[in-house]
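Visitor: Here's a sequence, model it:
(2 chains)
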Amino acid sequence: DIQMTQSPSSLSASLGDRVTITCRAGQSISSYLNWYQQKPGKAPKLLIYAASNLQSGVPSRFSGSGSGTDFTLTISSLQPEDFATYYCQQSYSTPYTFGQGTKLEIK
Amino acid sequence: EVLLVQSGAEVKKPGESLRISCKGSGYSFTNYWISWVRQVPGKGLEWMGRVDPTDSYTNYSPSFQGHVTISADKSISTAYLQWSSLKASDTAMYYCATEIGSSTNWFDPWGQGTLVTVSS
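Guide: Purely as a prediction, here's the structure:
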């Protein structure tokens, strides 16, 4: 299995802040990396696919980058609705695996 | 609109069997794999396995192989996740998701989730 490690596990930030979440794969996964947002009591929602492609309808303040083993999700200016848990997921090979999640909280 | 609608919450006793469902609409159901993802309360996401609705071919995570069965009925655009003998440790939220993409895949959309509670 390909291990996915996110950092940090939790993060406190203020409205308007620029935030970066990192995801590291245990082996090279090319650009086979997706990002999801999950709010309490809700299903995950796709934000970014194939490392850097913004899903339709997702605000442009979200962006993704990276390839190989190191990836980042950046939120350029935090909005109230962005406080949630974020997961990375590799689709390079099955079994697909997720990072442990990063909980983004209001400072 | 592509939509996945899951069956309702279940409360079961250890040792009982269970099948939960995930019905797709708004697209050709056989075009995309359906995956199942587990989320234990307060924990992260775990991929369990997937089914190709075209021919019901399945692919399981080793962590779940032998513990659950994934299937699909393309005639009614529905995928299933079933247990023959539930354990308390199966208590979790279970999501289905459509696996979209060509050379690389991603999960979109997701079902609303089915909460399974196993307790004596």
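Visitor: Now do the residue nearest the centre of chain A against A:Gly41, distance only.
Guide: When CA atoms, centre = their mean is applied to chain A, the residue found nearest the centroid is A:Trp35 (3.9 Å). Remark: distance between A:Trp35 and A:Gly41 (CB to CB, to the nearest Å) = 20 Å. All C-beta spots, glycine's among them, are computed from the backbone N, C-alpha and C.
Visitor: and B:Ser7, what is it in contact with?
Guide: B:20-22, B:114 (CB atoms under 8 Å, 6 or more residues apart in numbering or on different chains).
Visitor: restrict those to those near chain A?
Guide: Checking the contacts of B:Ser7 against chain A by CB under 8 Å from any CB of the partner chain, not one of them is in range.
Visitor: Let me know the closest of those to B:Tyr80.
Guide: B:Ser21 (5.4 Å; CB to CB).
Visitor: what is residue 19 paired to in the beta sheet?
Guide: This is for chain A. A:Ile75 (DSSP bridges).
Visitor: could you do chain B instead?
Guide: Legend: beta-bridge partners of B:Arg19 under DSSP bridges are B:Gln82.
Visitor: Next, the contact list for the residue positioned nearest the centre of chain B, please.
Guide: Geometric centre of chain B, nearest residue: B:Trp36, 3.3 Å, by CA atoms, centre = their mean. B:Trp36 is in contact with B:22, B:47-50, B:68, B:70, B:79, B:81, B:94-97, counting by CB under 8 Å, 6+ apart.
Visitor: Need these in CSV (columns: pLDDT, secondary structure and neighbour count).
Guide: CSV is the format used below for the contacts of B:Trp36 (pLDDT from 0 to 100; DSSP: H, G, I helix; E, B strand; the rest coil; neighbours: other CB atoms under 10 Å in any protein chain shown):
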residue, pLDDT, secondary structure, neighbour count
B:Cys22, 98, strand, 27
B:Trp47, 98, strand, 25
B:Met48, 98, strand, 22
B:Gly49, 98, strand, 24
B:Arg50, 97, strand, 27
B:Val68, 98, strand, 20
B:Ile70, 98, strand, 21
B:Ala79, 98, strand, 28
B:Leu81, 98, strand, 27
B:Tyr94, 98, strand, 22
B:Tyr95, 98, strand, 25
B:Cys96, 98, strand, 32
B:Ala97, 98, strand, 26
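Visitor: B:Thr98 - how many residues pack around it?
Guide: Burial of B:Thr98 is recorded as 24 neighbouring residues (other CB atoms under 10 Å in any protein chain shown).
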